[in-house]
Structures are given as structure tokens and as C-alpha cells.
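Student: No letters, just coordinates:
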């Protein structure tokens, strides 16, 4: 009766016939009543004991099979991961330094709590960024400094930065601790080499928290600049930056100054991109730019159907250049009304350039002033464009 051999996952590997040897795998399976079966069984034990040690990989592997590659360039244990191909099994040592390591081996050093990798015959601390730590790596500072929470950042073998929460001004200069760079002081937070403990620079602006200390520590002298409310009755020059020469310079001029007592900014002249002077007034509805408003209604301003009303307030500005009473509200509740300058205006009927404009019987619109009939006090603007008929929005000059 033949033997049916099954793998661990339940699938059939092979069927061994009576009185025969099966070489489906790198082991030899013995059939029932095979004469001289003892040698085959013993050789199987040897192959398993040495993990099929050979300079060439097994020719009939199965998934999960181990193979010791004894070639001079390898000398490593490998595993068949797909039923055909092999990859190396990672060699990890924990504790004392391995006595006969190979390149690529891993070693966990419990003394330093670091993972090392064997590279070109030497141990390198494994970097958190992958590969060996040829650029940066981090290590605890020995407890002889009195700070179990201090960490040094290493570039190669030299400390470039120290992270600490220990409020100490001790002077650790031992080269065995920091390499070539020395630290005359270590501050809470981040310390760079070259920090000066005698410069008088300290975190006087705060009572807690971490700061950056190092060769640029003099930048902290800017903490002497205090920002506070000033109500002095005096003229203070307003600074500005010049970069015309390629390097920034701080400049002032005696024609540009500010008095904090009066909140008045003094300047010889100013300019604006937009074209009108406007002020906010409270409206009884939301009115779009160009709407003609009069004083009245439930609030301060509203629209009217009266021709040439002397209660005219002005025209809702679209982009005021100078905004007065700016904090009174927003454009929906307190629209800007143009007092002087150029603005768009809603008009109705025939309008020619230069015509005087007054309120219209059409709400929110302007129309031409009727000389000899209308009150001159009702005039609010002069037309800068023509409108030959119907409704339109034209540019006008508020007078």
C-alpha cells in the first residue's frame, strides 16, 4: 500500500509507492518494504542537521525549507519563501558583541540601548532614517552629568546639539562625551555648541519653557525691546525698509511721523488707487454700489421716489479710497456713501456729460437736474458719461 505524504497546510506533497524511493524533494522518502531503507533515512537526518549545506541552492525545495549557503561570499542561512527562491534569514544578536559577525548582521547592544548593523567590517548605529548612521544619530548623555533625560545629536562621532530638560549650568567639556565639539553650558531645551554661559543672555522674558541656545544666542538681546501701549504726547518717526541696494536697511524721515497721544499720522502727501472719499451711514436695507440714497427711513439713510430731494445723502460707493467711520458696521448694515470723488451711479433717462444729477422718481436712481424748476440744493453729482435712454450705470463726479 503506497504512502500519501501531506504537508502542514493539508495539501498532498507526494505518493510513495511500495518498495521504492521518492525524490520529489531534497529528502528521500522510503516506500513500504524497501530493502536497505536505513541508509536513506540516516542521510535524511544529516541533510536536516546541516540544513542542506551546499554552495548551490537545493534543486527541489519546498516553501519554508532552510538552506545553509556555504559559498565563501555568503556563509549564511537562507529560507525558501515561495517554493523556488531563497532569501537570507536575518542574523540578530542580543547582549554581548558577536565574536564572528558578517556584514548585514544586527546586534542589539543592551548597554547603550541601540541597534547596530555590521557594515564593511565595523558596527554602525542603525539610523532612524534607514541604513547606517553616517550622518546623524542620537545617544543618551552619560548619567555622570546628572541628567538622565539629556540626549546628544551626533554627526559622525561629534555632538552637534544637546536636548535637555535639566536646568543646569554645569560645564561638560569632556571630549569622550561630545567628541571634538564641547559644550560650556547646557540649557533646558536645545543647546548648540558654543553657547556662552557668561554673556548674560538668559530667558528673562519667561519663567518657563525651552529656548534655542548656541552661537546665535546674541539674537536674544532683542528681548530688551518692549511692546506696550504708548500714549506719550510726542512725535515718533515711522520706520520703513529699503532694499534698493540689495541689503535691507531701516530708514525714517522727519516728514512721516505719528503722535500716540492724538492718534494722528502726519505725512506731507498721500495717494490712493481708488477715487472717492466715503463715510459709513446706517441703512434700512442692503443697497448695492451705485444706489442713490437720501437721509430718512427707519435708520439714517434710505431710497426715495421723490424727484430732486434736498435730503439727498449721496451714492453708495463701490471701492472707496478713503474710508471714514470705518468701524461703524459692515457694507450690509452701514454702506459707504461717497462724499467726494468719482463713483459709479445708477441713472434713468437721457443724461449727457456735464449734466447735473438729482434724485429720481425711480428708487435708488439719479436723473438730470431741471434748471429753473429744481432746487439747486438737491444736486449731488455731475455726469462723466452719456446715457441716451433707459436705465444704466455711469461714472459720475460727486460734488
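Tutor: All right, it came through fine. Only a predicted model underlies this, so the values are computations on that prediction, with no experimental measurement involved. Numbers count the residues shown, from 1 in each chain.
Student: Test my guess that residue 316 contacts residue 286.
Tutor: No - because the distance of 10.0 Å does not satisfy Cβ atoms under 8 Å, residue 316 is recorded as not touching residue 286. C-beta: built from backbone N, CA, C; applies to glycine.
Student: In terms of neighbours, single out the busier of the two.
Tutor: residue 316 (27 against 10; other Cβ atoms under 10 Å).
Student: per-residue pLDDT, the more buried one?
Tutor: On the pLDDT scale, residue 316 is placed at 97.
Student: roughly how far apart are it and residue 96?
Tutor: Shown here: residue 316 relative to residue 96, a distance of 86 Å by Cβ to Cβ, to the nearest Å.
Student: Kindly report the same for residue 233.
Tutor: Distance, residue 233 to residue 96, using Cβ to Cβ: 79 Å.
Student: Got phi/psi on residue 387?
Tutor: Backbone torsions for residue 387, taken as degrees, to the nearest 10, come to phi -140, psi 110.
Student: Run a quick neighbour tally on the closest residue to it other than its chain neighbours.
Tutor: The spatial neighbour of residue 387 that comes closest, neighbours along the chain excluded (Cβ to Cβ, 6 or more residues apart in numbering), is residue 351 at 4.3 Å. Residue 351 has 22 neighbours, counted by other Cβ under 10 Å.
Student: Could you do residue 265 as well?
Tutor: 11.
Student: The one 5 residues further on now?
Tutor: Neighbouring residues of residue 270 were enumerated by other Cβ under 10 Å; the total is 8.
Student: next one: residue 69
Tutor: Based on other Cβ under 10 Å, the number of other residues close to residue 69 is 19.
Student: what sits against it?
Tutor: With Cβ atoms under 8 Å, 6 or more residues apart in numbering as the criterion, the residues that contact residue 69 are 54, 55, 57, 75, 76, 77, 78, 86.
Student: so what's residue 113 up against?
Tutor: Contacts for residue 113 (Cβ under 8 Å, 6+ apart) come out as residue 140.
Student: How is this protein partitioned into domains?
Tutor: With automatic domain parsing as the criterion, the domains of the chain are listed as 3-49, 92-134, 138-199+209-216, 236-267, 276-398.
Student: got those domains as JSON lines, with distance to residue 66 columns?
Tutor: Compiled in JSON lines, the domains of the chain are given as follows (distance: least, Cβ to Cβ, whole Å):
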{"stretch": "domain 3-49", "distance to residue 66": "9"}
{"stretch": "domain 92-134", "distance to residue 66": "16"}
{"stretch": "domain 138-199+209-216", "distance to residue 66": "37"}
{"stretch": "domain 236-267", "distance to residue 66": "69"}
{"stretch": "domain 276-398", "distance to residue 66": "78"}
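Student: Out of these, which is the most enclosed?
Tutor: Compared across the domains of the chain, domain 276-398 shows the largest average neighbour count, a mean of 18 (mean count of other Cβ atoms under 10 Å).
Student: what about the protein, any weak spots by pLDDT?
Tutor: Filtered on pLDDT under 70, the chain yields the residue ranges 127-136, 142-149, 156-157, 166-182, 184, 194-227, 243-248.
Student: which residues of it fall in helices?
Tutor: 37-49, 175-178 (DSSP state H).
Student: JSON lines for these, including distance to residue 28?
Tutor: Shown next, in JSON lines, are the helices of the chain (distance: least, Cβ to Cβ, whole Å):
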{"stretch": "helix 37-49", "distance to residue 28": "4"}
{"stretch": "helix 175-178", "distance to residue 28": "61"}
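Student: Relative to residue 342, which of the ones you listed is closest?
Tutor: Nearest to residue 342 among the helices of the chain is helix 175-178 (70.7 Å), distances taken as Cβ to Cβ.
Student: just how off-centre is stretch 385-399 within its chain?
Tutor: Between the centre of stretch 385-399 and the centre of its chain there are 51 Å (Cα atoms, centre = their mean, to the nearest Å).
Student: For that stretch, measure first residue to last.
Tutor: End-to-end distance of stretch 385-399: 16 Å, with Cα to Cα, to the nearest Å as the criterion.
Student: what's next to it, contact-wise?
Tutor: Outside of stretch 385-399, the residues within contact range by Cβ under 8 Å, 6+ apart are 276, 290, 314-315, 338-353, 357, 362, 365-366, 379-384.
Student: hmm, try it at 6 Å
Tutor: Counting by Cβ atoms under 6 Å, 6 or more residues apart in numbering, the neighbours of stretch 385-399 from elsewhere in the structure are 290, 338, 340-342, 344-348, 350-353, 381-384.
Student: and what of stretch 150-157?
Tutor: The set of residues external to stretch 150-157 that reach it, using Cβ under 6 Å, 6+ apart, is 136-141, 159-164, 179.
Student: re earlier: do I have it right that the residue nearest to residue 387 meets residue 383?
Tutor: Yes - the pair formed by residue 351 and residue 383 meets the contact definition of Cβ atoms under 6 Å, at 5.0 Å.
Student: and for the two, which residues touch both?
Tutor: Shared contacts of residue 351 and residue 383, defined by Cβ under 6 Å, 6+ apart, are not found at any residue.
Student: Show me the strands in the stretch 51-200 of the chain, by range?
Tutor: 66-69, 76-80, 86-88, 92-94, 106-109, 114-119, 122-125, 136-140, 151-155, 158-164, 189-191 (DSSP state E, counting those that start in this stretch).
Student: Describe which strands the last one pairs with in its sheet and in which direction.
Tutor: Think strand 189-191. The partner list of strand 189-191 in its sheet, established with DSSP bridges, is strand 158-164 (antiparallel), strand 211-213 (parallel).
Student: Any chance of a markdown table for these, columns distance to residue 18?
Tutor: What follows is those, written out as a markdown table (distance: least, Cβ to Cβ, whole Å):
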| stretch | distance to residue 18 |
| --- | --- |
| strand 158-164 | 74 |
| strand 211-213 | 83 |
